[in-house]
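Chemist: sequence unknown, structure follows:
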């Protein structure tokens, strides 16, 4: 009898536990797996990091990227897989002096709500972007790349005439940047409507986004009837969701072990591209890192090969210049003045008189212990780099504390100059051209990037801005890269390799492009 | 000696758990002698190596020896949780005794604050506090202290309310004892055993909370050797390198279990009224 009671109690407890566990199941579990949606059409489950809750290009950089990345909107131009600019909503253009550009807007293109894309709408969309910047209703800063003296629309001729404030050679590339995405200005107050292959049906902030097919899409067949985007912060969670079949496609698995597992398993297809993203840490020249010897020693103390290949498991390709070796900017002509050599690091510090005089294990500069304030954020393995750098610096007697902050806080501290070192991961050719990025080291712009100043570099940069000759530009760009290397202007970690991972039996065509403005495209389709 | 033997024979469970707890504390105190490597020395090229003769528990993603880090983690985790329990025990008991003894407005204020504290989920409030103060071990301890003292305050208050009407207190009042004397010599000693037992059982759960905050990034910061933080660092490698999570996880598990059982057996020791009944002497089965 007593035994019986015990058994009953155990069974009841078990049933209760099982019942509770069953209650925890997610409502998405039923019916949405695979490629068939509830309504019977093709459905894709995609998981990605949420960079912004907004999809309005004027809100900020990240929101404009979401607009394009989610396949909701498009620009007048776009980049192909070789980072060349190709026509999109604009199907032809003319310019004689690189100042006045006449763009012909593709005929018959409609927004996803059925409204036609006319030159007037394009004009209004661009004007709205600049207006938002001017009256500070948005944080996007389109004038960073180009400002217009005038924008004229001619609906009869189907053209928009842009008059730039100054000669702008790479205008198509600039207009391919997500900020310049074209929205339907007629309805923008209530919803963000673009010309992309999909339309937003529902948004659950920080949780999921439902997309449905754009019936009016102009550029070929849209393969999915609906797409659910799951917004997932954590890389391992994304990988697990893919493995469990909850999602069919994920972007940027940044945990090396997860990525290695997916690559080894033929069930999954991993698309990897030599990225156009630089992972680096900016030095603050207004602090102790204004000392040349200290920066040079830091570069010598950092083993970027091991960090790229082991610490972050091959997520980055090592290099010494700010421009990735995969881009045609003469990386083979550059010499790494401060390659990994810990003994040389110690030697440089000793020779510069940066030594440990009080025997506490840390070197001093001007009588004060060197203790670097290293800010990092966890995106794209940057925190791992920061920790590995801190460990390497401790080994040569340079104190360093890593503080991992969220992206916005870190950026605010960066703008305020409240750091010694800060991690960064940025596309170096955002408009198909590195001029803008190289401008981060120009004394006129470098206040938010650690106050680097070099007159020679400034002169070359100004020359680059005015130059239209391809060969001359290349020569200048190479020269500028070498100056940055010789000056130990920044700590280059490596070049980020973007990835897409998909379930091979469910999804086809899931290739990541070097310019990662594009995630959901019509190339991604159900597997045959 | 004879006394000790009798004590051990009478309280075998307490003795065992006390010795185990001593072992854990010993590991923390003598960590430098126990470890095989410097827990902060990293060889980046030797990252994520499986357990083996060179590295007993393997290495973490920065190439640091995991065994040494787990042993050193005991220092961080133990000192933080002991400090935390001391803080909340002292603060909570003092406030509780004051509230219970003086009553009135003081009681109302202290107890309403305590009500407010317990009406929030503790961990969420601790997260908010740690978020505002900034992430560090000290702030994590503070954050948890802010939300955890209420338990002791309510306990102390209810005990005081029970005791204050007793005859010996009335006698003390009649004979003209000062309030401070009554609080110190009559109330505190009567409240203390229960508070101490609660404190001892709390060490384990406080350790969990600190580890949880560190796991979430609000407590210890890299490169500190702390179990919760190590769990988080190993999380990304859960399937590929499970030892990164298994060993810190085991360390937390063992320590928490030891301190919880120690707290339980301490209750048996300090509270003679609840002596264990011999098996078979319990309630009769209706057979």
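Modeler: Happy to help now that I have it. Note that the coordinates shown come from a computational prediction; the quantities given were computed from them, not determined experimentally.

Chemist: CA only for contacts and neighbour counts going forward, please
Modeler: OK.

Chemist: helices of chain A, start to end?
Modeler: Listed from the start of the chain, chain A has helices (DSSP state H) covering A:2-23, A:61-69, A:119-134, A:171-175, A:235-244, A:256-264, A:292-301, A:304-306, A:342-351, A:382-395, A:407-416, A:435-438, A:455-466, A:470-486.

Chemist: residues touching residue B:52, list them.
Modeler: With contacts taken as C-alpha atoms under 8 Å, 6 or more residues apart in numbering or on different chains, residue B:52 has the following neighbours: residue B:58.

Chemist: and the residue lying closest to residue A:385 once chain neighbours are set aside, how many neighbours?
Modeler: The shortest distance from residue A:385 to any residue other than its chain neighbours is 6.9 Å, reached at residue A:307 (C-alpha to C-alpha, 6 or more residues apart in numbering or on different chains). By the criterion of other C-alpha atoms under 10 Å in any protein chain shown, residue A:307 has 25 neighbours.

Chemist: residue A:387 is in contact with residue A:307, correct?
Modeler: No. In this structure, residue A:307 sits apart from residue A:387 without contact. The criterion is C-alpha atoms under 8 Å, and the distance is 10.3 Å.

Chemist: what number of residues lie near residue A:149?
Modeler: What residue A:149 shows, counting by other C-alpha under 10 Å, is a neighbour count of 11.

Chemist: ok, now which ones touch it?
Modeler: Contact analysis of residue A:149 by C-alpha under 8 Å, 6+ apart lists A:162-165.

Chemist: now it: how far from residue B:95?
Modeler: When C-alpha to C-alpha, to the nearest Å is the yardstick, residue A:149 and residue B:95 sit 70 Å from each other.

Chemist: tell me the mean pLDDT over stretch A:122-142?
Modeler: Stretch A:122-142 shows a mean pLDDT of 92 in the predicted model.

Chemist: next, the buried residues of it.
Modeler: Within stretch A:122-142, the residues that qualify as buried are A:122-126, A:128-130, A:132-133, A:138-142, counting by 16 or more other C-alpha atoms under 10 Å in any protein chain shown.

Chemist: contact partners for the nearest residue to residue A:413 once chain neighbours are set aside?
Modeler: The spatially closest residue to residue A:413, leaving aside those adjacent along the chain, is residue A:419, at 6.8 Å (C-alpha to C-alpha, 6+ apart). Under the criterion of C-alpha under 8 Å, 6+ apart, the contact partners of residue A:419 comprise A:284, A:373-375, A:413.

Chemist: tell me the confidence at residue A:419?
Modeler: According to the model's per-residue confidence, residue A:419 sits at a pLDDT of 94.

Chemist: ok, now residue A:7?
Modeler: According to the predicted model, the pLDDT of residue A:7 comes to 71.

Chemist: by mean pLDDT, flag the weakest helix or strand of chain B.
Modeler: Evaluated with mean pLDDT, DSSP states H and E, the helix-and-strand set of chain B has its lowest mean pLDDT in helix B:122-133, which scores a mean of 82.

Chemist: may I see the buried residues of that helix?
Modeler: By neighbour count on 16+ other C-alpha under 10 Å, the buried set for helix B:122-133 is B:122-123, B:125-127, B:129-131.

Chemist: just the closest of those to residue A:434, please.
Modeler: Looking at these and their distance to residue A:434, the nearest is residue B:131, at 38.2 Å (C-alpha to C-alpha).

Chemist: that closest one and residue B:219 touch, don't they?
Modeler: No. Under the criterion of C-alpha under 8 Å, residue B:131 makes no contact with residue B:219, lying 9.8 Å away.

Chemist: so who does the residue nearest to residue A:385 touch?
Modeler: Residues near residue A:307 by C-alpha under 8 Å, 6+ apart: A:313, A:385, A:388, A:493, B:44.

Chemist: cutoff 10 Å now
Modeler: Taking C-alpha atoms under 10 Å, 6 or more residues apart in numbering or on different chains as the criterion, residue A:307 is in contact with A:313-318, A:384-385, A:388-389, A:493-494, B:44-45, B:62.

Chemist: so how far is residue A:102 from it?
Modeler: Distance of residue A:307 to residue A:102, given as C-alpha to C-alpha: 48 Å.
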